[in-house]
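In: The following comprises the amino acid sequence and a computationally predicted model.
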Amino acid sequence: MADHRLIVALDFHNMDKVKALVTELGDSVIYYKVGMELFYSVGTEVIAYLREQKKEIFLDLKLHDIPNTTAQGLASLMKLGITMLNVHATGGYTMMKTAVKNLEKQAYTLNTPRPKLIAVTILTSMNETDWQGLGQTMKIQEQVVRLAKLTKEAGLDGVVASPREAALIRQACGDDFLIVTPGVRPVGAAVNDQSRIATPASALENGASHLVVGRPITAAADPKAAAQKIIAEMERIR
């Protein structure tokens, strides 16, 4: 059975691979992430296909611009029937507040539920060396929590953050705040380009509400078995 907390990342650049994976995973996965690589390659075709398959969609485009541009961009994307959208928290309070208010207005006009809107804190590929290279003196986890609080204050539904910061965010922002965690790697899986990672069980124990998993499933010899193994581990944590 599918676990709504698992989001499988479709990190492909053509529809053939998308359809093959979604067909193979079948009812075991209900929620998919569409990122820049795929959306910029095939556009809205992938959104229409996933909706036809009755799947939920996290459109991960990480919008980051002046408030009006970001808000209008999100309003256009909302019309596609997306479950969850995101922006960069470093766009600031005004950008995030304007974005969520415009989505609420658009949802009212269209008489449809508003998509969840979350904000990226610090990319999970970022390590302390890279972080300090940006001239930052605050530790990554301190900045992540600061941005999570700002995101909540702006009225968004949650954040994207490393599983290592999930417990601190949960403590700071409460039980209803979404914490979507990339960088989830089952025991023995390759780290790839992630730096701040955790296993599925530890991510959930730390307070994550959703786990984004890509290559440990999509690059597995048996993707369905890999997904089911992760789901079984998740089911032990409620």
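Out: Alright, I've got the coordinates.
In: helices or strands up against the longest strand along the chain?
Out: Using DSSP state E, we find that the single longest strand of the chain is strand 56-63. Other helices and strands packing on strand 56-63, by 3 or more C-beta pairs under 8 Å, 6 or more residues apart in numbering; DSSP states H and E, are strand 31-35, helix 36-42, helix 45-52, helix 67-78, strand 84-88. No exception for glycine: its C-beta is placed from N, CA and C like everyone else's.
In: so which of these gets nearest Glu205?
Out: Comparison of these against Glu205 by C-beta to C-beta identifies strand 31-35 as nearest, at 20.2 Å.
In: Packing partners of that closest one?
Out: strand 6-9, helix 45-52, strand 56-63.
In: To Val160, which of those lies closest?
Out: That would be strand 56-63 among those, by C-beta to C-beta, at 8.0 Å.
In: now what about the closest one, what contacts it?
Out: 4, 7, 9, 30-36, 39, 47, 50-51, 70, 73-74, 77, 80-88, 91, 99, 120, 180, 212 (C-beta atoms under 8 Å, 6 or more residues apart in numbering).
In: Quickly note the distance from Cys173 to Ile118.
Out: 12 Å (C-beta to C-beta, to the nearest Å).
In: ok, back up a step: ok, which of the helices and strands packed on strand 56-63 comes nearest Val144?
Out: Nearest of those (C-beta to C-beta): strand 84-88, 12.8 Å.
In: what angle separates that closest one from strand 56-63?
Out: 20 degrees (axes from the mean of the first three to the mean of the last three C-alpha atoms, to 10 degrees).
In: Pull out the buried positions in the longest helix along the chain.
Out: Ranked by residue count under DSSP state H, the longest helix found in the chain is helix 93-110. Applying a neighbour-count criterion of 16 or more other C-beta atoms under 10 Å, one finds Met95, Met96, Lys97, Thr98, Ala99, Val100, Asn102, Leu103, Gln106 buried in helix 93-110.
In: Which strands border whichever helix or strand comes after that helix, and is each parallel or antiparallel?
Out: Helices and strands here follow DSSP states H and E; after helix 93-110, the next one along the chain is strand 116-120. Strand 116-120 pairs in its sheet with strand 84-88 (parallel), strand 158-160 (parallel), by DSSP bridges.
In: now for the ones you listed, which one comes closest to Ile231?
Out: Using C-beta to C-beta, the nearest of the strands paired with strand 116-120 to Ile231 is strand 84-88, at 19.5 Å.
In: quick one: the closest one to strand 31-35, angle?
Out: 40 degrees.
In: Among the helices and strands packed on strand 56-63, show me which one is buried the most.
Out: strand 84-88 (a mean of 24; mean count of other C-beta atoms under 10 Å).
In: ok, back up a step: columns mean pLDDT and distance to Lys149 on top of the helices and strands packed on strand 56-63, output as a markdown table?
Out: Listed next are those as a markdown table, based on pLDDT from 0 to 100; distance: least, C-beta to C-beta, whole Å:
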| stretch | mean pLDDT | distance to Lys149 |
| --- | --- | --- |
| strand 31-35 | 98 | 25 |
| helix 36-42 | 97 | 27 |
| helix 45-52 | 98 | 32 |
| helix 67-78 | 96 | 19 |
| strand 84-88 | 98 | 16 |
